[in-house]
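Visitor: Give the three-dimensional model of this entry:
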Amino acid sequence: MIPLEEARRYVLERVRPLDAHRVPLADAAGRVLAEPVVAAEQVPPFANTAMDGFAVQAADTTEAPVVLSVVGTIAAGDSFSGSVGPGQAARIMTGAPLPDGSDAVVMVERTVFDDAALTVEVGVAVEPGNHVRAAGEDIQIGDVVAEAGVTLTPGHLGVLASVGIHEVSVVRRPRVGVVSTGDELVDDRRPLNPGEIRDANRHTLLALVAASGWEAVDLGIVADDPDQLRAVFGDAAERCDAILSSGGVSMGAFDYVKVILDELGEMRWMQIAIKPAKPFAFGCIGDTPVFGLPGNPVSSMVSFEVLARTALERMAGNASADLDLLWAVSEDSLGHGADGKTHLLRVEGRRDDQGQWRVRRAGGQGSHQLTAMARANALAFSPDGQAIEPGDNVQILLLG
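Guide: As a prediction, the model looks like this:
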């Protein structure tokens, strides 16, 4: 058996980011930026007011209260051809451009406007710049507003839109094919025949891929037949960026997946020192990475989370993607006897009043017991032979 980190290192050294393409800003959320974006405009584009009120010369307010003549009204989106001189003010709405001659804004709550006389009594002294947003205060022309490699959030999209960007260059989303293998698998409504089981892996893996923001391609169920396996894997390698296959990676006599994948590509078949998900395979058919996941339902999902997910994230452009392990307090006994493996236990985690994660078993821990995996929102890493009792710290990986 090999350590989990050795298997992860082997996989991550062999995947590369996909090529880039341009997409409309509306389609860019969650995508990884392929090149930096430089502002060609300043934000704000002009000095404007942060409040409803009156634009004034700050020097006129030194001896407040003071009465000033109102020379105009400026709404957001308006232009104002006049100017504000000594002893004058302009009524102004939030976001409107600051008129020439003024250098401060007095908020409306500190004024009394006489509509008939066109005067305003200013009840407070203000400093130059009061409630004024300076031109270019947020972004200057030439500023890098988004670095290459950043995952674009809604906030990023707002910044890009504010400088007139309508499309960006992003790393292409991985197109991930998902296939289940095995004569025993069925995926229809008829009653099961003796020896048959319903395919769960394909559905969970397709959902995991889609929930990660990648394109999921359903390759169906393939029987333990060399010709069918050869055709499906060969076709998938042509039209997908990566392949997730479940089943056929252990030591069974009818595991034709091994034979066919070795024929089509260069594969490494591993026994990893973890439980569940000990058997794992990785290699490439041409330039297409193939992840050979175990057939047991829980093992398949665990293998995806600790081995395939990070690789796919890096293919999608997230160069810093890794296992983000956190510390939690265990509420159950999670340790196990020495068997040479780190156990990845399905646990339910919650934050307590102090923000500390606390975890407990989500149910049965057998690699076939998918209900516990459905309840779990984390995996707890239980090191080989190490006692973990209630109140002890344990490392966890949050799921999803």
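Visitor: Surely residue 232 touches residue 179?
Guide: Yes: in this structure residue 232 lies within contact range of residue 179 using Cβ atoms under 8 Å: 6.1 Å. C-beta here means a position set from N, CA and C on the backbone, and glycine is covered the same way.
Visitor: Which one of those two is surrounded by more residues?
Guide: residue 179 (25 against 21; other Cβ atoms under 10 Å).
Visitor: quick one, what contacts the closest residue to residue 226 other than its chain neighbours?
Guide: In this structure, residue 226 finds its nearest non-sequential neighbour in residue 256, 5.2 Å apart by Cβ to Cβ, 6 or more residues apart in numbering. Applying Cβ atoms under 8 Å, 6 or more residues apart in numbering to residue 256 gives the contacts 224-226, 229, 248.
Visitor: Can you name the residues in contact with whatever helix or strand residue 245 lives in?
Guide: Using DSSP states H and E, residue 245 maps to strand 242-246. For strand 242-246, the external contacting residues (Cβ under 8 Å, 6+ apart) are 174-181, 201-202, 205, 209, 219, 233, 236-237, 257, 261, 285, 288-295, 300, 304, 308, 311-312, 315.
Visitor: do stretch 82-89 as well
Guide: Contact with stretch 82-89 is made by 54-57, 59-60, 68-72, 90, 99-102, 106, 120, 122, as judged by Cβ under 8 Å, 6+ apart.
Visitor: Give the PyMOL command for selecting the buried subset of these.
Guide: Those of those that count as buried under 16 or more other Cβ atoms under 10 Å are selected in PyMOL with:
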select buried, resi 54+55+56+57+60+68+70+71+72+90+99+101+102+106+120+122
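Visitor: and the longest helix belonging to the chain, what does it pack onto?
Guide: In the chain, taking DSSP state H as the definition, the longest helix is helix 226-239. Applying 3 or more Cβ pairs under 8 Å, 6 or more residues apart in numbering; DSSP states H and E, one finds that helix 226-239 makes contact with strand 175-181, strand 215-222, strand 242-246, helix 256-264, strand 279-285, strand 288-293.
Visitor: Report the angle between that helix and helix 256-264.
Guide: 50 degrees (axes from the mean of the first three to the mean of the last three Cα atoms, to 10 degrees).
Visitor: deepest of the helices and strands packed on helix 226-239, which one?
Guide: strand 242-246 (a mean of 28; mean count of other Cβ atoms under 10 Å).
Visitor: And that strand, how far out from the chain middle?
Guide: Relative to the mean C-alpha coordinate of its chain, strand 242-246 is positioned 22 Å out (Cα atoms, centre = their mean, to the nearest Å).
Visitor: how about low-confidence regions in the stretch 251-400 of the chain?
Guide: Where the stretch 251-400 of the chain drops to pLDDT under 70, the residues are 251-254.
Visitor: returning to what we had before: just to be sure, which of the contacts of stretch 82-89 are found in helices?
Guide: Using DSSP H, none of the contacts of stretch 82-89 sit in helices.
Visitor: Spit out the contact partners of residue 20.
Guide: With contact set as Cβ under 8 Å, 6+ apart, residue 20 has these partners: 34-35, 169-172.
Visitor: how does it look with 6 Å?
Guide: By Cβ atoms under 6 Å, 6 or more residues apart in numbering, the contact list for residue 20 reads 34, 169, 171.
Visitor: same question, residue 130
Guide: residue 104.
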